[in-house]
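next one to model:
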Amino acid sequence: MGLIGAYSVWQIEIPTVTTVLHATEIQERHQLSFWDAMIVATALSGCAEVLLSEGLSHGQVIEGDRVENPFLH
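Below is the predicted model of the structure:
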């Protein structure tokens, strides 16, 4: 299995109306952009515990998910 084939084991989350509504709540509560809040809400719906992002603050905990910048390691 090549590099691209390895991605086939990743869980895919498709945002729903509920996810969008949750994102708007996260946006207000944490003063995030809507798109960052959508990423967080979608990660939460997939039961993620760690969110890899270079755009959010490393070490920040949002709604229980810890943000890590993969480029700092």
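
quick check: buried residues in the lengthiest helix in the chain?
When the chain is parsed with DSSP state H, its longest helix is helix 17-30. Buried residues in helix 17-30, counted by 16 or more other Cβ atoms under 10 Å: Thr19, His22, Ala23, Ile26, Gln27. C-beta coordinates here come from the backbone N, C-alpha and C atoms, glycine included.

ok, so of the residues you listed, who is nearest Val50?
Nearest to Val50 among the buried residues of helix 17-30 is Ile26, at 16.6 Å by Cβ to Cβ.

would you check which pair of the buried residues of helix 17-30 lies furthest apart?
Thr19 and Gln27 (12.4 Å).

where does Met1 land on pLDDT?
Here the pLDDT value assigned to Met1 is 69.

how about the nearest residue to Ala16, chain neighbours excluded?
Actually, residue 16 is Thr rather than Ala. Nearest residue to Thr16, sequence neighbours excluded (Cβ to Cβ, 6 or more residues apart in numbering): Ser45, at 7.6 Å.

and Leu51, helix, strand or coil?
strand (DSSP: H, G, I helix; E, B strand; the rest coil).

how close does it get to Leu3?
Leu51 sits 22 Å away from Leu3, going by Cβ to Cβ, to the nearest Å.

more neighbours: which of those two?
Ranked by neighbour count (other Cβ atoms under 10 Å), Leu51 and Leu3 place Leu51 first, with 20 against 6.

what pairs with that one across the strands?
Beta bridges link Leu51 to Val67, judged by DSSP bridges.

which intervals of the chain have sub-threshold pLDDT?
1, 73 (pLDDT under 70).
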